[in-house]
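Chemist: this one's structure only:
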């Protein structure tokens, strides 16, 4: 899942070298923290958060196949 978020984010931003995804496990939930350059933050979030919602939807769909609970946080 970490690689999936990273590939999607790198495709959206102007500076793909600044994209970083960290994975932490809390109880039975996996938390993915996406960090991008401040100038690219708007591109990852999108208008009214639509791109962020789409990223979360794709990750949740992929996670449901593996019966895992994953949350994506954008920093």
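Modeler: Noted; the coordinates are in hand. The structure presented is a predicted model; accordingly, all values stated were derived computationally and were not measured.
Chemist: which residues of this structure fall in helices?
Modeler: Assigned by DSSP state H, the chain shows helices spanning 2-12, 41-45, 50-65.
Chemist: Which one of those lies nearest to residue 72?
Modeler: When those are ranked by distance to residue 72, counting by CB to CB, first place goes to helix 50-65 at 5.0 Å. Backbone N, C-alpha and C define where each C-beta goes, glycine included.
Chemist: Give me the angle between the closest one and helix 2-12.
Modeler: On the basis of axes from the mean of the first three to the mean of the last three CA atoms, to 10 degrees, helix 50-65 is oriented at 160 degrees to helix 2-12.
Chemist: in helix 50-65, what counts as buried?
Modeler: By 16 or more other CB atoms under 10 Å, the buried positions in helix 50-65 come out as 51, 52, 55, 56, 59, 63.
Chemist: could the residues you listed go into TSV alongside distance to residue 12 and pLDDT?
Modeler: Conversion of the buried residues of helix 50-65 to TSV gives the following (distance: CB to CB, whole Å; pLDDT from 0 to 100):
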residue	distance to residue 12	pLDDT
51	7	96
52	10	96
55	9	95
56	14	95
59	14	94
63	20	90
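Chemist: Make a markdown table from those residues and add distance to residue 6 to it.
Modeler: Below are those laid out as a markdown table (distance: CB to CB, whole Å):
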| residue | distance to residue 6 |
| --- | --- |
| 51 | 15 |
| 52 | 15 |
| 55 | 11 |
| 56 | 15 |
| 59 | 11 |
| 63 | 15 |
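Chemist: returning to what we had before: distance to residue 30 for the helices of the chain - can I get that in a markdown table?
Modeler: Formatted as a markdown table, the entries for the helices of the chain read as follows, by distance: least, CB to CB, whole Å:
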| stretch | distance to residue 30 |
| --- | --- |
| helix 2-12 | 9 |
| helix 41-45 | 19 |
| helix 50-65 | 8 |
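Chemist: Since that was my last question, I'll sign off now.
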